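Trainee: Pasting the sequence and the predicted coordinates here, then a few questions.
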Amino acid sequence: MTPRKRIIVAITGASGALYAKRLLEALTVAEVYLIISPMGRRLLQDELGIEDITTLLTPNIHLLPYNDVGACIASGSFKTDAMIVIPCSNNKLAELACGLSDNLISRAAQVMLKERRRLILVHRETPLSLIEIQNMLTLTQAGAILYPANPAFYTLPQTIDDLISTVIARLLDLLEIDHTLAPRWIGKTETTP
């Protein structure tokens, strides 16, 4: 039997709380280590009305304190498969690009980069200034995957949930986790008249 993947999920303060909630719901087959920044907590309350963070927890999700830089995921010796920052604010993007690690989100991200493990940043702010673009370049060169939360429309979505599903489906693909959240593009053959 294949062991469960260990995935770190970090929620920061950019708009897009529903993306984070849906990702957590989709990761039932993984062991999840969840970190929520102070602005991420506010985001969950403002956008989803979640005041009690424990309502997000299931037996496979371990909530870790934001300031605990001594937690298990702060060490490269603790094996993890990937980390997703969802949504990733411009502030957290800058913090990661500068190599700061005074909180558990940034420390865990630095571990992912130094250990050459998958770090996925689901950026959700727009428009972009040159500063954000340079930070994205720095992080991409360091090995991170920048994943703007851009839903697909070729699936002909009918609801907001359909749009969210296209973003989460691609994230699960990056994590190599099977799913049926959204149809896959199979291409279309042109017909001649």
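Mentor: Sure thing, it's come through. None of these values were measured; they are calculated from a predicted model. Numbers count the residues shown, from 1 in each chain.
Trainee: who's in contact with the longest helix anywhere in the chain?
Mentor: Identified as the longest helix of the chain according to DSSP state H is helix 160-174. For helix 160-174, contacts defined as C-beta atoms under 8 Å, 6 or more residues apart in numbering pick out 18-19, 22-23, 26, 82, 84, 86, 118, 120, 122, 145, 147, 149-152, 155, 157, 178-179, 181-182. Every C-beta, even on glycine, is put in place using the N, C-alpha and C of the backbone.
Trainee: Residue 139 against residue 97, yeah?
Mentor: Yes: under the criterion of C-beta atoms under 8 Å, residue 139 makes contact with residue 97 at 5.3 Å.
Trainee: Sort out which residues of stretch 85-93 are buried, please.
Mentor: Under the neighbour-count criterion of 16 or more other C-beta atoms under 10 Å, stretch 85-93 has 85, 86, 87, 88, 89, 90, 92, 93 buried.
Trainee: May I ask which two of those are separated the most?
Mentor: 86 and 90 (14.4 Å; C-beta to C-beta).
Trainee: picking up where we left off before, same list, the buried residues of stretch 85-93, but as TSV with pLDDT please.
Mentor: Shown next, in TSV, are the buried residues of stretch 85-93 (pLDDT from 0 to 100):
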residue	pLDDT
85	98
86	98
87	98
88	98
89	97
90	96
92	97
93	97
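Trainee: Inside helices: which ones of those?
Mentor: Short answer: these in helices (DSSP H) are 90, 92, 93.
Trainee: element containing the residue nearest to the last one when sequence neighbours are not counted, please.
Mentor: Translated: residue 93. Nearest-residue entry for residue 93: residue 135, 4.9 Å, with adjacent residues in sequence omitted and distances by C-beta to C-beta, 6 or more residues apart in numbering. Assigned by DSSP states H and E, residue 135 falls within helix 130-142.
Trainee: Tell me the strands beside the helix or strand following that helix, with direction?
Mentor: Toward the C-terminus, helix 130-142 is succeeded by strand 145-146 as the next helix or strand (DSSP H and E). Note on strand 145-146: by DSSP bridges, its sheet partners are strand 118-123 (parallel).
Trainee: Now the strand it pairs with: average pLDDT?
Mentor: In this model, strand 118-123 has an average pLDDT of 98.
Trainee: next one: stretch 173-191
Mentor: 87.
Trainee: That one: how far from the chain's middle?
Mentor: The chain centre lies 20 Å from the centre of stretch 173-191; the measure is C-alpha atoms, centre = their mean, to the nearest Å.
Trainee: Stretch 118-129 now?
Mentor: Using C-alpha atoms, centre = their mean, the offset of stretch 118-129 from its chain centre is 10 Å.
Trainee: for residue 125, what are its contacts?
Mentor: 14, 15, 89, 90, 132.
Trainee: farthest pair in the residues you listed?
Mentor: Farthest pair in these, by C-beta to C-beta: 15 and 132, 15.0 Å.
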